[in-house]
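In: structural data only, the sequence is not supplied:
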């Protein structure tokens, strides 16, 4: 983001109207920090560890507007299976995924995952993180024909 760029983060009012975000990460400290950042911006946030069945069940049951994942560049990282499953499951494939990438190779995986809409390089600034979430929520509302917050 360029200096001087103004980012408008939608402030959502009624908790029933708040956009839902699912954070899939096995680092509880990062989950807490990212949850706080998003809740202060007006989002309703749930978290799930990266174990496949729990994360997919949380996405199917909660139907969030955005899913945030932080995969590592290891083929055995279960986050990749979660993202792939979410992208092929009819109940979740339209939910945009935001990747938090600490390795440039993670960002390169985006091309093979159609549900990944944004990639944020870690470490990241708060405004970058919130702007990525806001953009995905706006895209979701445009695609569904509903008005954002």
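Out: Looks like it came in fine. Since we're looking at a predicted model, the values are computed, not measured. Numbering: from 1, shown residues only.
In: contact partners for the nearest residue in space to residue 35 that is not next to it in sequence?
Out: Of all residues not flanking residue 35 in the chain, residue 45 sits nearest, at 4.6 Å (C-beta to C-beta, 6 or more residues apart in numbering). C-beta: built from backbone N, CA, C; applies to glycine. Residues in contact with residue 45 (C-beta atoms under 8 Å, 6 or more residues apart in numbering) are 20, 21, 22, 23, 34, 35, 38, 39.
In: part of a strand, is residue 45?
Out: Yes: applying DSSP: H, G, I helix; E, B strand; the rest coil, one finds residue 45 inside a strand.
In: helix or strand next in line after the worst-scoring helix or strand of the chain on mean pLDDT, which one?
Out: Lowest by mean pLDDT, DSSP states H and E among the helices and strands of the chain is helix 104-108, with a mean of 69. Using DSSP states H and E, the helix or strand that follows helix 104-108 in sequence is strand 116-121.
In: need the residues that contact that next one.
Out: Here strand 116-121 makes contact (C-beta under 8 Å, 6+ apart) with 83, 87, 96-102, 104, 106-107, 109-110, 128-129, 132, 135-136, 139.
In: which residues of this structure fall in helices?
Out: 28-40, 52-62, 78-88, 104-108, 126-144 (DSSP state H).
In: give me the contact list for stretch 71-87.
Out: Contacts of stretch 71-87 (C-beta under 8 Å, 6+ apart): 24, 50-52, 55-56, 59, 67, 69-70, 92-93, 95, 97, 99, 101-103, 105-106, 109, 113-116.
In: at 6 Å what do you get?
Out: Stretch 71-87 is contacted from outside by 50, 52, 55-56, 59, 69, 92-93, 97, 103, 105-106, 113-115, using C-beta atoms under 6 Å, 6 or more residues apart in numbering.
In: ok, now which ones touch the residue nearest the centre of the chain?
Out: The structure's the chain has its C-alpha centroid closest to residue 68; by C-alpha atoms, centre = their mean the separation is 2.5 Å. By C-beta under 6 Å, 6+ apart, the residues touching residue 68 are 23, 98.
In: let's see that with 7 Å instead.
Out: 21, 23, 24, 34, 98, 100 (C-beta atoms under 7 Å, 6 or more residues apart in numbering).
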